[in-house]
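A.B. asks: just coords:
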């Protein structure tokens, strides 16, 4: 079995395990609101350089929030797509934030972020203080908020098959 086939099999097995455990996203009607907070939750976190950031600093901006960790293989698959989206939408109305839930030092997370090619803001949530307010059960978890702060898309987990939906949501939110 080649490496790609092995990755696809591993991803399929993990997805099945999450769904069986009730951790996956349940099916919902097309007109149902996305699972997650209705509005961008208030937060105050530090970035990898120690600078303070609050949710109010993103008021009036479309925002894509990705919860991730350095040890999460699926997160590592998501990051290149987010970096590509950041290149495409930077200065066009969409801000991307990666919120690391790692317990490690800011230096370690910053080094890993650079190695993974993250080209967007990385905030630290070592205590996973935002998990409950965003309503996620695992990582990666992606949320797209429009310029009014309203949740437009929530994607628990990640699958390359979601890329078209992710790009469409980012495009719509940035307008």
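C.D. replies: That came through fine. Model, not experiment: these values are computed from the prediction.
A.B. asks: Next, the residue nearest in space to the middle of the chain: secondary structure please.
C.D. replies: Taking Cα atoms, centre = their mean, the centroid of the chain lies closest to residue 66, which sits 1.6 Å from it. In three-state terms, and counting by DSSP: H, G, I helix; E, B strand; the rest coil, residue 66 is strand.
A.B. asks: shouldn't residue 50 be in contact with residue 109?
C.D. replies: No - at 12.0 Å, residue 50 does not count as touching residue 109 under the criterion of Cβ atoms under 8 Å. To be clear about C-beta, it is placed using only N, CA and C from the backbone, and glycine gets the same treatment.
A.B. asks: Would you mind telling me which of those two has more residues around it?
C.D. replies: residue 109 (25 against 8; other Cβ atoms under 10 Å).
A.B. asks: Can you show me the strands along this structure?
C.D. replies: Here the chain has its strands, by DSSP state E, at 44-47, 52-54, 62-68, 94-100, 121-124, 141-145, 151-156.
A.B. asks: can you tell which of the ones you listed is closest to residue 130?
C.D. replies: Closest to residue 130 of those, according to Cβ to Cβ: strand 94-100, at 6.7 Å.
A.B. asks: Next, format the strands of the chain as TSV and append mean pLDDT and distance to residue 168.
C.D. replies: Formatted as TSV, the strands of the chain follow (pLDDT from 0 to 100; distance: least, Cβ to Cβ, whole Å):
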stretch	mean pLDDT	distance to residue 168
strand 44-47	97	28
strand 52-54	97	27
strand 62-68	95	12
strand 94-100	96	12
strand 121-124	97	23
strand 141-145	93	10
strand 151-156	89	9
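A.B. asks: who wins for proximity to residue 172 among those?
C.D. replies: Residue 172 sits nearest to strand 151-156 of all these, at 6.9 Å, using Cβ to Cβ.
A.B. asks: how much does the closest one deviate in direction from strand 141-145?
C.D. replies: 170 degrees (axes from the mean of the first three to the mean of the last three Cα atoms, to 10 degrees).
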